[in-house]
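> Predicted model and sequence below, questions to follow.
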Amino acid sequence: DQYMGRWSRLAAARFLDWLKAPDAAVWLELGCGTGALTSAILARCAPASVLATDASGDFLALAQRTITDPRVRFQTAAAEGLALVDGSVDVVTSGLVLNFLPDRSAALREMWRVLRPGGLLTLYVWDYPDGGLGFVDAFWKAAADLDPEAAGLDEAKRFPFCTEEGLVELCQAAGIAAPKIAPIEIVTEFPDFEALWHPFTLGAGPAPGYCARLSEDQRLALKAGLRERLGAVTPLRLSARAWALKARRTG
């Protein structure tokens, strides 16, 4: 949550404002994680119900402890195989998850399958290829300066489809026509460099996981390189951009 959750909450609010989902809808959320998007749906969208799913029992346990709204039900589930009947959901959504799924096409087909006629398939992902998550992009560039192999771990390399064009292609491959796509912009602000650096030391997420595997000397060298790359200005403000997508099921 310290690494990404706070920025996920900001992005979730902007995403839902853009989405303009109907009131009293039946929602399905794939990959709820710590519940950032779940909480935003409850606060901003007046849902009839939300089924929040995740493949991780640890994430679900945390979300259940922090979200006690009776409209929410939590369930362990893989996005590629949902235990729901066809046409049973008004809005199916996924926040910052699609790129981590092993079979994205299968997940999109499942999301489409469970929608009622007129329902909305919705999602958003960070724009990794174009440096859309500024502080993460700076981390990997600093890491690659010291370790050329780190460049291959950069989300920009691993998730090249997290672009407007890439999302359209994924939808076309899954049989989803005419998606609408828009950028979601936020600013990530840190009071100083230490506040930016600390979440990278906690081990949760690709960049923190890489950081945790380094020796102490390597970690200190990476920290110094990142500090030099970002400069001494405080507070540190870096832009972040996600691509939001919505497609309505007709017929």
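Sure thing, it's come through. Numbering: from 1, shown residues only.
> Which secondary structure state is assigned to Pro47?
Put simply, Pro47 is coil when judged by DSSP: H, G, I helix; E, B strand; the rest coil.
> Please apply the same query to the one 4 residues further on.
Secondary structure for Leu51, judged by three-state DSSP, is strand.
> Count the neighbours of it for me.
21 (other Cβ atoms under 10 Å). No exception for glycine: its C-beta is placed from N, CA and C like everyone else's.
> Tell me if I'm right that it and Cys32 touch.
No - judged on Cβ atoms under 8 Å, Leu51 makes no contact with Cys32 at a distance of 9.4 Å.
> List the contacts of stretch 195-203.
2-4, 135, 139, 190, 207-209, 211-212, 219, 223, 226-227, 230, 236 (Cβ atoms under 8 Å, 6 or more residues apart in numbering).
> Among those, which lie within strands?
Mapping those onto strands (DSSP state E) picks out 190, 236.
> ok, what's across the strand from Leu28?
Leu51, Val92 (DSSP bridges).
> I'd like the distance between it and Val97.
13 Å (Cβ to Cβ, to the nearest Å).
> same deal with Gly132?
Taking Cβ to Cβ, one finds Gly132 at 16 Å from Val97.
> And for Pro208?
Counting by Cβ to Cβ, the gap from Pro208 to Val97 is 18 Å.
> Same check on Val91?
15 Å.
> can you check Leu19 too?
16 Å.
> same question, Ser56
11 Å.
> do the same with Ala40
Where Val97 is concerned, Ala40 sits at a distance of 15 Å (Cβ to Cβ).
> where exactly do the strands run in the stretch 151-251 of the chain?
180-190, 236-248 (DSSP state E, counting those that start in this stretch).
> Dump these to CSV, plus distance to Leu108 and mean pLDDT.
What follows is those, written out as CSV (distance: least, Cβ to Cβ, whole Å; pLDDT from 0 to 100):
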stretch, distance to Leu108, mean pLDDT
strand 180-190, 14, 96
strand 236-248, 9, 97
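> Thank you kindly, that will do.
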